[in-house]
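A.B. asks: got a sequence here, can you build the structure:
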Amino acid sequence: MGVSKQQAVENRKTIVAASERLFREHGIDGVGLSALMKAAGFTQGGFYNHFESKEALAAEVVATAMGKANHDLKEAIAAPIAPGGNRLRRQIDYYLSGTHCSDIEHGCAVAGLTADVRRLGHEAQVHFAKGLQEMIDTLTKLVAEQRAGSGDGDETRREAIAFYNEMVGAVILSRAVASADPQLGEEILRASQQMLIKDFALPT
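C.D. replies: Predicted coordinates:
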C-alpha cells in the first residue's frame, strides 16, 4: 500500500526536523544518511524518495531553521513587556543565558549552523543569507526603538549588525569551551551581556 501525499509531506518534515537536530549537534559532515534516517524513524533506503541528495536535504534544513528562527525572534520581541521594561535588554538576557547557550538542538539557528554553512552548496548559503538579512532587519527596528528614532538608518543598521555579531559570537565561543572550561564559557556570556546592556539597552 502506497503512502498518501499528505503522509509523504509529514515524513519529509520529520526527516528535516531530525536532520536539523543532528546537524546542530554533530555538524553536517559528521552525520551520515543512515544515522539521519534512523533518527527520523525510517530506513536509509527511503531517503531518496524525499531528497535527491544530502546537499538538497541540507538546503531545506537551513531554509526551515532560518524561517523558524525569524518567526520566533519576531514573536519574542512582540511579547508583552512590563511597564518600564526594555525589549532589547530582554533579548540580550535571553540570548546570552546559560539555558539558551546549552540548548544546541533548539537554540538560535544562526549560532547552531554558521560553522557549517560555508561548506554547503549555493542553495543552502542563499537560504542562510536571506534568513540572516531578515533577522538583521528585525533587530534594526528593535535598536531603532531603543534609540527612540534617533540616528540615521544606516547607522542603526550597523549598530544592529554589531549587536547581533556580539551575541552570536559569544554563544559560539562559550559553547566551544563549555566542556573544557565551563567557568570561561560563563565568563564569555557575562562579559558580552554586560557590554551589550551598557552600549545598547540602557536608557538614552
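A.B. asks: so where is the protein shaky, pLDDT-wise?
C.D. replies: 1-2, 149-152, 201-204 (pLDDT under 70).
A.B. asks: which stretches of it form helices?
C.D. replies: Along the chain, counting by DSSP state H, helices occupy 5-26, 33-40, 54-78, 87-95, 98-102, 109-117, 122-146, 153-177, 182-196.
A.B. asks: just send those helices back as CSV, with distance to residue 48 too.
C.D. replies: (C-beta placed from N, C-alpha, C; glycine too.) As requested, these are exported to CSV (distance: least, CB to CB, whole Å):
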stretch, distance to residue 48
helix 5-26, 11
helix 33-40, 9
helix 54-78, 10
helix 87-95, 38
helix 98-102, 35
helix 109-117, 22
helix 122-146, 18
helix 153-177, 33
helix 182-196, 40
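A.B. asks: point out the most buried one among those helices.
C.D. replies: helix 109-117 (a mean of 20; mean count of other CB atoms under 10 Å).
A.B. asks: what packs against it?
C.D. replies: When contacts are defined as 3 or more CB pairs under 8 Å, 6 or more residues apart in numbering; DSSP states H and E, helix 109-117 sits against helix 5-26, helix 54-78, helix 122-146, helix 153-177.
A.B. asks: so which of those gets nearest residue 110?
C.D. replies: helix 153-177 (5.5 Å; CB to CB).
A.B. asks: what lies in contact with the closest one?
C.D. replies: Applying CB atoms under 8 Å, 6 or more residues apart in numbering, the external contacts of helix 153-177 come out as 92, 95-96, 100-102, 104, 107-108, 110-111, 114-115, 135-136, 139-140, 142-144, 147, 151, 184-186, 188-189, 191-193, 195-196, 200.
A.B. asks: and if we set it to 7 Å?
C.D. replies: Outside helix 153-177, the residues that touch it by CB atoms under 7 Å, 6 or more residues apart in numbering are 95-96, 101, 104, 108, 110-111, 114, 136, 139-140, 143-144, 147, 184-185, 188-189, 192, 196, 200.
A.B. asks: what do you get for stretch 56-74?
C.D. replies: So stretch 56-74 is contacted by 16, 19-20, 23, 28, 51, 108-110, 113, 117, 120-121, 123-124, 127-128, 131, 134-135, 138 (CB under 7 Å, 6+ apart).
A.B. asks: send me it as CSV with only the CA atoms.
C.D. replies: Extracted C-alpha coordinates of stretch 56-74, given in CSV (Å, rounded to 0.1, in the frame of the first residue of the first chain):
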residue,chain,number,x,y,z
ALA,A,56,19.4,19.1,-1.1
LEU,A,57,18.4,18.0,2.4
ALA,A,58,20.9,20.4,4.0
ALA,A,59,19.4,23.3,1.9
GLU,A,60,15.9,22.5,3.2
VAL,A,61,17.2,22.2,6.8
VAL,A,62,18.8,25.6,6.6
ALA,A,63,15.7,27.2,5.0
THR,A,64,13.4,25.7,7.6
ALA,A,65,15.7,26.5,10.5
MET,A,66,16.1,30.1,9.5
GLY,A,67,12.4,30.6,8.8
LYS,A,68,11.6,29.3,12.3
ALA,A,69,14.3,31.4,13.9
ASN,A,70,12.9,34.6,12.3
HIS,A,71,9.4,33.7,13.3
ASP,A,72,10.5,33.0,16.9
LEU,A,73,12.5,36.3,17.1
LYS,A,74,9.6,38.4,16.0
